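need coordinates for the following:
(2 chains)
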Amino acid sequence: MAPSLEAVKMTKKYGSFTAVNDLNLKIEGTKCVGFLGPNGAGKTTTMKMFTGLIRATSGNALINGVDVEHDKKAALASCATLIETPEMYPSLTPKEALTMLCEIRGVPKAERNKRIDDALAQVKMQEWEKKKVGSFSKGMKQRVNVASTLLSDPEVIILDEPSTGLDPRGMSEVREIVRSLGNRLVFMSSHLLAEVQEVCQEVALIDHGKLLVYDTIENVTSRFAGSMGVVQIGFARALDLQVGTAISKIEGVTSFSRLNDKRVMVKFDPKVLTQEKLFETIANMKAGAQSLEASAGLEDAYLSLVKETL
Amino acid sequence: MQIAVITKYNFLNYFRARRFYVMLVIVALISGLFTFVVAYLQPRSIVGTGDPLNFYRSGWGGFVNFVVVLSAAFFGGDAISGEFQNRTGYFLVPNPIRRSAIYVGKWLAALAASTIIVMIFSLIMIANGLYYYPGGLPSQFVESLGFAWIYLVAALSLTFAFSSLFKSSAISILMSVILLLFVFNFVDLIVSALAGYEPWYSIVYGAGIVSNVLTVPFPDHVSVIPAGRFNISTFNATIPEGLGILAAYFVVMALLGLWLFQRKEFTS
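Residues are numbered from 1 along each chain as shown, chains lettered A, B, ... in the order given. The predicted structure is shown next:
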């Protein structure tokens, strides 16, 4: 059975304030779905209902068909979560904290050490595995939190802004990790549209507790994005600052952003510049440009759908 | 199995935390002061009567309830509220584990840590007692030790209930200490002495058996002293009554705390 997450008429009210309003959303299959929305839109509230941190006022949250409120233990058996920025018991080491989770999740004893070592290696925290968590920075704790989601080989992973607190390299590494989770259903909220665009295939957009759209990124952007052209350009080697400056100065380029060391996103006015001309100009800079990918303008789609920030 | 996991790691956390050593220092100060006073002043009422019960009543009986209350407040007061305030609950709760398993596991860890503190205090008192009265331990002291542990169990249930009620660790610890050290004593005094009612509702009243069992014969259940136009009543819980009150607190408060924790939401 394909992994699934489903919200059925899910509503959460705090007094007279409705944080999530009659949300219906069904996500099925192995893919990464970005969960977008402005501050206070109901993203974290929705994720908390999926993980048993709060209860829905009405409606149901189902993971792999199991109602979280009815049987949280069964629903979360094959689901790993990272909600907000959790804290671990400060006197425990990352190894101990992750061992505790392995024991709770019933990971076989013979596999625990390897899984923990692998997970800590993935988030580059193996050197810190025997230091107490209480002395860690927020970013280091968040790396261990990310590692905690990789322990039990879950079918479903719920990530609430996983790059929070991380430095740019850490953010890039988290994106790599999420990208590597190909055979799972990943439901990830983020404020970073480039991050979602880079790692997710589908996107769900929520505002004022209501689902505005859920579709593939291509469909969402083709329906809602504006007239700007957007491309992602891949480089064979790490991009230096001068090349970035030169790209942003090309006539017709309206914005330039670095997605990681070897990948950039460029927005341009198609009336002034074609994709081919843009790539040719960049290739002539001899910076190792090797691929151009038409990128959907998720930001434009977002801005056309979400009119206010609160 | 999951309960044991929670107990193990919470106990490890307690054992490495500053508060465990603060409690050890408090116990060392109380028992050290008592040891010094007895050794230096040799008070007749404590070591001069030839009755070891006088010694244990003054030392153990005088301080054990204080040690029990502080242990219960230190280890139980923020056990649940800390999960919310310190955000450790965000790491623990969204896992395939029932909240009841987390609650029970944490309760057992707090009981283990508190029991160690009370046992250390009792060992120091026993060492002192055997120095002055080498004949052995009075059976009443062994009973009192058992009652103190039962009081600890009941007090932990109460502090866990407070911990489930509040989201602030400081408030839940403070409320537990104030209630167990001052409020119950004050209300019991008013209700019994002035109104003449037995304070059967009070955990502190029930815990009176911890020190009263060291008095032979056991104090009267009720004594009334005429004071002018009024009568001042003093109540002492009998052993069955005291055990009943402590058992009721354990059951009711444990269930109340668990119910509150299961309903409590992780809202930021």
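
near chain B, which residues of chain A?
With Cβ under 8 Å from any Cβ of the partner chain as the criterion, chain A meets chain B at residues A:14, A:44, A:48, A:51-55, A:72-77, A:79, A:81, A:83-92, A:96-97, A:100-101, A:103-105, A:132, A:145, A:148, A:158. Where you see a C-beta, it was placed from the backbone N, CA and C, and this is true even at glycine.

just want the most central residue of chain A.
A:Met188 (3.9 Å; Cα atoms, centre = their mean).

backbone dihedrals for that residue, both of them.
The phi and psi values for A:Met188, taken as degrees, to the nearest 10, are phi -130, psi 120.

that one against A:Leu159, yeah?
Yes: using Cβ atoms under 8 Å, A:Met188 is in contact with A:Leu159, at 4.2 Å.

residue of the stretch 151-300 of chain A closest to chain B, please.
Relative to chain B, the nearest point of the stretch 151-300 of chain A is A:Ile158 (8.0 Å; Cβ to the nearest Cβ).

quick one: which helix or strand includes the closest residue to that residue other than its chain neighbours?
The shortest distance from A:Ile158 to any non-neighbouring residue, by Cβ to Cβ, 6 or more residues apart in numbering or on different chains, is to A:Thr81 (4.5 Å). If you go by DSSP states H and E, A:Thr81 is part of strand A:79-82.

residues near B:Tyr90, how many?
If you count neighbours by other Cβ atoms under 10 Å in any protein chain shown, B:Tyr90 ends up with 25.

what's near enough to touch it?
By Cβ atoms under 8 Å, 6 or more residues apart in numbering or on different chains, the contact set of B:Tyr90 is A:53, A:83-87, B:266.

next helix or strand past the lowest-mean-pLDDT helix or strand in chain B?
Of all the helices and strands that make up chain B, helix B:44-47 has the lowest average by mean pLDDT, DSSP states H and E, namely a mean of 75. Per DSSP H and E, the first helix or strand lying C-terminal to helix B:44-47 is helix B:52-58.

run through the neighbouring helices and strands of that next one.
Contacts defined by 3 or more Cβ pairs under 8 Å, 6 or more residues apart in numbering or on different chains; DSSP states H and E place helix B:52-58 against helix B:44-47, helix B:99-132, helix B:139-165.

apply 10 Å and report the result again.
helix B:18-41, helix B:44-47, helix B:60-76, helix B:99-132, helix B:139-165, helix B:209-212 (3 or more Cβ pairs under 10 Å, 6 or more residues apart in numbering or on different chains; DSSP states H and E).

and that helix, how far from the chain's centre?
20 Å (Cα atoms, centre = their mean, to the nearest Å).

likewise for stretch B:184-203?
19 Å.

ends of it, what's the gap?
Using Cα to Cα, to the nearest Å, the end-to-end distance of stretch B:184-203 comes to 8 Å.

residues in contact with it?
B:69, B:151, B:154-155, B:157-158, B:178-180, B:183, B:204-208, B:221-222, B:224-225, B:227, B:230-237, B:241-242, B:244-246, B:248-250, B:253 (Cβ atoms under 10 Å, 6 or more residues apart in numbering or on different chains).

pull out the buried members of those.
When the contacts of stretch B:184-203 are checked for burial by 16 or more other Cβ atoms under 10 Å in any protein chain shown, the buried set is B:69, B:151, B:154-155, B:157-158, B:179-180, B:204-208, B:233, B:235-237, B:241-242, B:245-246, B:249-250, B:253.

which of those residues fall in helices?
Secondary structure assignment by DSSP state H places B:69, B:151, B:154-155, B:157-158, B:204-206, B:241-242, B:245-246, B:249-250, B:253 of those in helices.

closest one to A:Val123 out of these, please.
A:Val123 has its nearest neighbour among those in B:Ser157, at 39.7 Å by Cβ to Cβ.

and the next helix or strand after the strand holding A:Thr81, what does it pack onto?
Stepping forward along the backbone from strand A:79-82, the first helix or strand reached (DSSP H and E) is helix A:94-104. Under the contact definition 3+ Cβ pairs under 10 Å, 6+ apart, helix A:94-104 sits against helix A:109-122, helix A:138-148, helix B:2-16, helix B:89-92, helix B:99-132.

out of the ones you listed, nearest to B:Ile46?
Evaluated over the helices and strands packed on helix A:94-104, closeness to B:Ile46 peaks at helix B:99-132, with 8.4 Å, by Cβ to Cβ.

tell me the contacts of residue 176?
Defaulting to chain A. Taking Cβ under 10 Å, 6+ apart, we find A:Glu176 in contact with A:122, A:198-199, A:260.

that's the wrong chain, I meant chain B
Counting by Cβ under 10 Å, 6+ apart, B:Ser176 has contacts B:69-70, B:72-74, B:76-78, B:155-156, B:158-163, B:166.
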